[in-house]
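In: have a look at this prediction, sequence included:
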Amino acid sequence: MAEPARSASDDHDVRLTARAAGFARRGQPWFYADDLLVGAALPPRLLRVRDEEGRDLGLGVTGASKLALRLCGPWPGDGVPDREAFCRARLDAAISQRAGLLGPEDGARIVHGEGDWLPGLVVDRYGAVLVLQATSAWVESSLDAIVPFLVDRLAAESVVARNDVPARKHEGLAEEVRLLHGKRVEAAPFVEQGLRLEARPFTGHKTGYYLDQRPARALVRALAKGRRVLDLFSYQGGFALSALAGGATSALAIDQSEAALAAAQAGATRNGLAGLAVRAADAFDAVRELRERKERFDLVVLDPPAFAKSRREVEGAERGYRDLNRQALRLLAPNGFLVTCTCSHHVDGARFQEIARQAAAGLPFRVALRQRLGAGPDHPALLTHPEGEYLKTLLLQRLDP
Ligand code: SAH
């Protein structure tokens with residue numbers, strides 16, 4: 001057996017067990033305390049990760065939660081860079097890799113955790129406003145290096161920490177919303193496919209908007225011409241507005257949040273789009289009522305929140321998805337489209353497709369799978385880290401002879 005002494009005592013190194021090192025070589029980015037040769041969690045720090053024999057596996061950050069170590073990619077030489085140098089290099093790479101993907105006014109995810117070798121950090125840009133989420137203790141303690149670099153590199157006027165996320169608890173961090181730089185703004189204007197939209201950095205959901213659905217909204221826009229559209233779980237009506245911009249004859253947005261629907265209406269006015277109706281309601285009730293009233297739609301979007309927040313909840317969540325999808329399919333007019341989504345990490349793409357199959361079983365029409373989508377290219381998932389690929393979207397079509 002290799003001597004574990006160095007990994008326990010050396011401040012700059014952590015060694016993995018032989019088994020864990022094998023996983024690390026194959027690209028797995030997450031490790032637990034018993035994957036470390038020291039066999040116990042280490043305080044949050046940037047470290048050089050090695051196998052039992054001391055061979056380099058790149059850098060990693062230790063955590064204060066069950067996730068004892070998250071890898072953050074190769075680094076030249078043998079040492080550990082200081083926080084500033086490391087953060088600068090990773091942030092700069094994340095920004096450079098997005099060059100050309102999105103225009104300067106577009107809303108964009110600038111940093112997507114593991115996908116950018118910055119585990120525990122998410123940064124979304126809405127025009128001149130940056131909204132970040134820090135879900136690891138190491139990232140939290142490195143904000144003094146991260147924020148000034150981002151402000152400078154992206155000419156940001158304000159930076160907001162939307163740290164009201166439960167994941168922070170696992171790392172012993174408080175849930176809070178805080179202005180980190182510049183002045184407080186309630187609305188952050190940005191552009192998506194030419195539509196002028198607004199994120200609410202302090203009061204909106206997530207970081208203020210759902211940037212991950214951009215590809216699906218573009219698809220809806222492309223399909224919407226001449227169609228009656230239903231946007232279920234609409235939030236600020238992103239899908240409904242895209243549909244109207246694409247020539248939909250009408251769009252009904254349903255959400256339980258009155259504030260989100262007010263923003264949807266403001267969005268329609270701002271963009272000169274006619275034909276939007278909004279309804280504050282529980283979407284489960286609303287689909288039943290629409291069906292009883294025999295209302296039909298040529299395009300339905302179903303984008304519920306994550307029903308399975310943990311593995312334990314998967315079974316109930318699957319039932320929820322199945323019922324809702326069945327109801328949504330029943331609202332389709334002949335040859336109508338259903339864009340259906342899940343953002344549950346615990347329901348993978350194959351599973352979701354199976355749920356859709358079950359939802360369609362026994363209906364008096366056939367349902368075709370037309371397309372699969374996920375989050376946009378500004379939300380990179382490592383091939384070796386399927387957990388990063390949380391958003392799954394299917395384009396289904398009711399087929400009538
Ligand atoms: N489609 C949106 C994002 C939807 S997020 C977009 O592209 O931007 C999920 C939304 O579901 C949230 O706005 C939340 O308010 C809403 N919601 C959650 N549970 C609900 C329920 N039972 N009935 C109606 N809306 C609900």
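Out: Arrived safely, thanks for sending.
In: what's the burial count for F202?
Out: F202 has 18 neighbours, counted by other C-beta atoms under 10 Å. C-betas here are computed from N, CA, C, even on glycine.
In: ugh, typo on my part, it should be R372
Out: Count around R372 with other C-beta under 10 Å applied: 12.
In: ok so P76 is a helix residue?
Out: No - counting by DSSP: H, G, I helix; E, B strand; the rest coil, P76 is not part of a helix but coil.
In: if I look at it, how far off is the ligand?
Out: Remark: distance between P76 and the ligand (C-beta to the nearest ligand atom, to the nearest Å) = 41 Å.
In: neighbours of that residue, how many?
Out: 7.
In: phi, psi of it?
Out: phi -60, psi 150 (degrees, to the nearest 10).
In: need the residues of the protein near the ligand, please.
Out: 205, 210, 213, 233-235, 238-239, 255-257, 260, 282-284, 303, 305 (C-beta under 6 Å from any ligand atom).
In: can we see that at 8 Å?
Out: Residues of the chain lying close to the ligand (C-beta under 8 Å from any ligand atom) are 205, 209-210, 213, 216-217, 231-239, 254-257, 260, 281-286, 301, 303-305, 341, 343.
In: and the buried ones among these, selectable in ChimeraX?
Out: Those of those that count as buried under 16 or more other C-beta atoms under 10 Å are selected in ChimeraX with:
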select :205,209,210,213,216,217,231,232,233,234,235,236,237,238,239,254,255,257,260,281,283,286,301,303,304,341,343
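In: return the subset of the residues of the chain next to the ligand lying in helices.
Out: A216, R217, G238, F239, A260, A283, F284, D285, A286 (DSSP state H).
In: quick one: the last one and L232 touch, right?
Out: Yes - with contact defined as C-beta atoms under 8 Å, A286 and L232 form a contacting pair (7.3 Å).
In: hmm, who's touching the lengthiest helix in the chain?
Out: Looking across the chain with DSSP H, the single longest helix is helix 314-330. With contacts defined as C-beta atoms under 8 Å, 6 or more residues apart in numbering, helix 314-330 is touched by 232, 283-284, 287-288, 291, 300, 302, 304, 306-308, 338, 340, 342, 344, 346-347, 351-352, 355-356, 358-360, 363, 367, 396, 398.
In: thinking again about what came up before, between which two of the ones in helices among the residues of the chain next to the ligand is the distance greatest?
Out: Within these, R217 and D285 form the most distant pair, 25.3 Å apart (C-beta to C-beta).
In: what about the longest strand in this protein?
Out: strand 332-342 (DSSP state E).
In: that one pairs with which strands?
Out: As defined by DSSP bridges, the strand partners of strand 332-342 come to strand 297-302 (parallel), strand 392-399 (antiparallel).
In: and the angle for it with helix 314-330?
Out: Interaxial angle of strand 332-342 relative to helix 314-330 (axes from the mean of the first three to the mean of the last three C-alpha atoms, to 10 degrees): 150 degrees.
In: and the helices in this structure?
Out: Counting by DSSP H, the helices of the chain are 5-9, 18-25, 83-97, 137-141, 143-154, 167-170, 214-223, 238-245, 258-270, 283-292, 314-330, 349-360.
In: give me whichever of these is most buried.
Out: helix 238-245 (a mean of 29; mean count of other C-beta atoms under 10 Å).
In: mean confidence score for that helix?
Out: Mean pLDDT, computed over helix 238-245, is 98.
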